[in-house]
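In: sequence plus predicted model, see below.
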Amino acid sequence: MSKTLLWAALFCGLFLGLRSYPVAVQGLDSEKLFWSHKRQWPADYALVLAGDSRVYRGVSPAAMAKVLPGMRIANYGFSSVALAPAYLGTAVEKLDPAAAVRVLVIGVTPFSLTPRASRDSGFLLVEPVPPVELWVRWRLRTYLDAFSPVWPKSFRPIFQGARNAAGQGFFLGHEDGWIASDWEPRNPEYALEGYRLNLTDNQVSPAQVAELMAWIRGVAGSGIKVFGFRPPNTRAMVALEDSVGNFDAKAFVTAFEQAGGKWLPIPGDAYETYDGSHLTAAAAETFSVELAGRIRQELNRRETP
């Protein structure tokens, strides 16, 4: 083999080796692509997570997969999303109809049951992209990535960003839909006043709760296993949401299970938040393992005669 061919072969081998490591993509366009791609995922998963930012920042499918091996898991959370059939129906569409078990896991926050969430849902704000164009842009990204810094394979990052506003924010999007996030300096009381203002004239809607329960009843009746949980948070935030948001947690859980879902009790303040609303990246991974363990217990219990 000539020296030219030898060097070419070595270069190709190195290039392909690097390409086996997902890499970070910078900029706002990559973030928009992240949400558009998530919105248009195929029906390819056995377990899909649904909910607002406390879900997409708080649950890592990769960490869950350590406890649920062999199960394809995706985080389909969106910002300020309303837990309404229009959104949850598309989450169900991401479930693989050929999967032995199909599981929908809903992270419930009081805000996701309010009129404002229905009106301003981040899910509705995602710009539609024609399937062919989306496929081309997504594939092109993987080639352009070769010129970006290489990240450890386990991270699977899609975009990263830092934002300044009385501190330093860190956001890292992953291909499975999780966004690892953190903020310095951490302040577990930071989000309280914002939520107080958001919920004062925007309380949990009984009509939206009833609509959700009717929808769960139909989905659970179709054979899909529906689990619900309240994303962990500070005691102060939970108390504020229940009182100002007029959220009756006990009645909600009862209605959820009567509709055919299974509620997963989660220790509310056992995990660190950086703003009183969202888990740190490290806490999210730890919580994801516990959440997956509780789901595995329930699946095994239902399979046992």
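Out: Arrived safely.
In: flag the shaky bits of the stretch 51-200 of the chain, pLDDT-wise.
Out: 128-168 (pLDDT under 70).
In: repeat that with 80
Out: For the stretch 51-200 of the chain, the stretches with pLDDT under 80 are 127-169.
In: now the helices for the stretch 1-150 of the chain?
Out: Applying DSSP state H, counting those that start in this stretch to the stretch 1-150 of the chain gives helices spanning 3-19, 28-39, 53-56, 61-65, 85-92, 115-120, 122-125, 131-144.
In: which other residues reach the fourth one?
Out: Among residues not part of helix 61-65, those counted as contacts by CB atoms under 8 Å, 6 or more residues apart in numbering are 47, 49, 71, 73-75, 154, 156, 174, 176-178, 284-286, 288-289, 291-292, 295. Yep, even glycine has a C-beta here, placed from its N, CA and C like the rest.
In: show me the longest helix that occurs in the protein.
Out: helix 281-303 (DSSP state H).
In: remind me what that one packs against, helices and strands.
Out: helix 61-65, strand 103-107, strand 179-184, strand 225-229 (3 or more CB pairs under 8 Å, 6 or more residues apart in numbering; DSSP states H and E).
In: of these, which is nearest residue 33?
Out: In terms of CB to CB, the element of the helices and strands packed on helix 281-303 nearest to residue 33 is strand 179-184, at 13.6 Å.
In: and that closest one, what's buried?
Out: Going by neighbour count (16 or more other CB atoms under 10 Å), the buried part of strand 179-184 is 179-183.
In: next: stretch 82-100.
Out: Buried residues in stretch 82-100, defined by neighbour count with 16+ other CB under 10 Å: 82-85, 87-88, 90-92, 94-95, 99.
In: measure that stretch end to end?
Out: Stretch 82-100 has an end-to-end distance of 29 Å (CA to CA, to the nearest Å).
In: then stretch 89-100?
Out: 20 Å.
In: what's it in contact with?
Out: So stretch 89-100 is contacted by 39, 41-46, 48, 50, 72, 74, 76, 102-104, 123, 215, 219, 224 (CB under 8 Å, 6+ apart).
In: what do you get for stretch 242-262?
Out: 106, 108, 110-111, 113-114, 195-196, 199-200, 202-204, 209, 213-214, 216-217, 219-221, 225-228, 230, 241, 263, 298.
In: residue 44 reaches residue 71, doesn't it?
Out: No: with contact defined as CB atoms under 8 Å, residue 44 does not count as touching residue 71 (12.0 Å).
In: the two: who's more crowded?
Out: Taking neighbours as other CB atoms under 10 Å, residue 44 and residue 71 compare with residue 71 leading, 20 against 13.
In: how far away is the closest residue to that one other than its chain neighbours from residue 39?
Out: Leaving aside its sequence neighbours, residue 71 sits nearest to residue 46 (CB to CB, 6 or more residues apart in numbering; 4.7 Å). Distance of residue 46 to residue 39, given as CB to CB, to the nearest Å: 20 Å.
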